[in-house]
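A.B. asks: 3D, please:
(one chain, ligands or ions: 3)
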Amino acid sequence: EDASLLPSRPPVVTIMGHVDHGKTTILDYLRQSSVAAQEHGGITQHIGAFSVKLSSGKQITFLDTPGHAAFLAMRQRGANVTDIVVLVVAADDSVKPQTLEALKHARAAKVPIIVAINKIDKGGARIDAVKSDLAGAGVEIEDFGGDVQVVCVSGKTGQGMDDLEENILTLSEILDHRSEVDGPAEGWVLESSLKPTGKVATVLVKRGTLRPGDYIAAGLTWAKIRQLRNEAGVDIAEAPPGTPVEILGWKDLPAAGDQVIQSPDEDRAKTAVSYREGLRD
Ligand code: GTP
Ligand code: NA
Ligand code: MG
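C.D. replies: Ligands and ions are numbered 1, 2, ... in the order given. Reported below is the predicted structural model:
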C-alpha cells in the first residue's frame, strides 16, 4: 500500500532522561498542570501518557518515563512505542547513567532524538559542559556539525519551551507519520492497574480506531471494551491512531508491554488468547 495516502496521525514523543532531570516538569509545563507535585515523592512511577493540542492546533502525544534505575523495562517500552525521543539532561548535572541508558534504547529502537538541556535557570547551569559530555557519549549534536537538535529550556520558567515544541513539530513533519484509521486496530499496553472502577489499561493505539463494544486481545487476556477514557478521565467515543486511551472491560489485567489486537468477535478474541497461552507453555 502507498503510505503517503494514509491520514496523518499525531507524533508519539517519549521524554527520557536521568532521574530528577525534569522530565515531568517539562511535560507539566506543556500541558499546564502540575503532575510532578502530585506524584508520590516526585518520582514518576509509571509511564504517563497524554495528548496536547498546541496553540498551532496540532496535536502531540507525550509519554513520560521514570528515570529511576529500577524502571528500565518501562523506558525500553517507551522507546519502542515512540516516534521521537526527547532526551532531558539537567544543565547542572549533565550526562548520567540513565541518560546513557535512554540513548541506548533510542538507538536500539532507531528513534530520532532531540536533546532538551533543562534547568538553565539554575545558577550551576553549565550548558557547554553538557554539550561536550553529550558529544563524548556519541550524540552528534548540531553544535559540533551533527544533526541532533539541542534546545535549552527551563521547565520551571518556561524559557525555551516554544523552541522545544517547534523542534518537535518540525521533526515530526519531516518524519511524516501516517496510519490507517480503518481496519483492525492495533496498539500497545503502556500500563495497567486495578482501580475502583475496575481493571484499567492505558493503551496507545498505533493503527485503526477503537470504540466501545469492540473486542480486543492483549497478552493472555481479552476485553469487550466497556468504556474508553482520555487522560482527563473523560469518556470518548473513539480512539484513533496516536492516541493514548484508558480501556475498561478486561477479563483480567493485561501487562504493560502487551500487544493489543482487535478481534471481530468474542470467540476470535478468546482464540487469540488461547493461541498465545499455547505459545507460552
Ligand atoms: P523522575 O520521574 O523521578 O525521573 O524525575 P523527573 O525527571 O520527572 O524530574 P521532575 O520533573 O520530577 O523534577 C525534579 C526536580 O527538579 C523537581 O524538584 C523540579 O521542581 C526540579 N526542576 C525541574 N525542572 C526544573 C527547571 O527547569 N529549573 C529548576 N530550577 N528546577 C527544575
Ligand atoms: Na523526580
Ligand atoms: Mg518524572
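
A.B. asks: switch to C-alpha atoms for all contacts and neighbour counts from now on
C.D. replies: Will do.

A.B. asks: and residue 160, how far is that from residue 225?
C.D. replies: 41 Å (C-alpha to C-alpha, to the nearest Å).

A.B. asks: Oops, could you answer that again for residue 82 instead?
C.D. replies: The value you get for residue 82 to residue 225, if C-alpha to C-alpha is used, is 24 Å.

A.B. asks: which of those two has more neighbours?
C.D. replies: Applying other C-alpha atoms under 10 Å to residue 82 and residue 225 shows that residue 82 carries more neighbours, namely 23 against 17.

A.B. asks: quick one: contacts for the nearest residue to that one once chain neighbours are set aside?
C.D. replies: Distances taken as C-alpha to C-alpha, 6 or more residues apart in numbering place residue 12 nearest to residue 82, at 5.1 Å, with adjacent residues excluded. Residues in contact with residue 12 (C-alpha atoms under 8 Å, 6 or more residues apart in numbering) are 60, 61, 62, 63, 81, 82, 83, 84, 242.

A.B. asks: is it true that residue 16 touches residue 102?
C.D. replies: Yes: the criterion here is C-alpha atoms under 8 Å, and residue 16 meets it with residue 102 at 6.1 Å.

A.B. asks: what about the strands in the stretch 51-200 of the chain?
C.D. replies: Taking DSSP state E, counting those that start in this stretch to define them, one finds strands in the stretch 51-200 of the chain at 59-64, 84-90, 113-118, 150-152, 186-195, 198-207.

A.B. asks: Of all the ones you listed, which one comes closest to residue 166?
C.D. replies: Counting by C-alpha to C-alpha, residue 166 lies closest to strand 150-152 out of these; the figure is 10.2 Å.

A.B. asks: Show me what the closest one is packed against.
C.D. replies: When contacts are defined as 3 or more C-alpha pairs under 8 Å, 6 or more residues apart in numbering; DSSP states H and E, strand 150-152 sits against strand 113-118.

A.B. asks: Just put the strands of the stretch 51-200 of the chain in TSV and tack on mean pLDDT, distance to residue 249 and mean neighbour count.
C.D. replies: As requested, the strands of the stretch 51-200 of the chain are exported to TSV (pLDDT from 0 to 100; distance: least, C-alpha to C-alpha, whole Å; neighbours: other C-alpha atoms under 10 Å):
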stretch	mean pLDDT	distance to residue 249	mean neighbour count
strand 59-64	90	23	24
strand 84-90	97	31	27
strand 113-118	98	36	26
strand 150-152	98	42	21
strand 186-195	92	12	20
strand 198-207	94	7	23
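
A.B. asks: will you turn the ones you listed into CSV that also has distance to residue 131?
C.D. replies: Below are the strands of the stretch 51-200 of the chain laid out as CSV (distance: least, C-alpha to C-alpha, whole Å):
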stretch, distance to residue 131
strand 59-64, 23
strand 84-90, 10
strand 113-118, 9
strand 150-152, 9
strand 186-195, 32
strand 198-207, 33
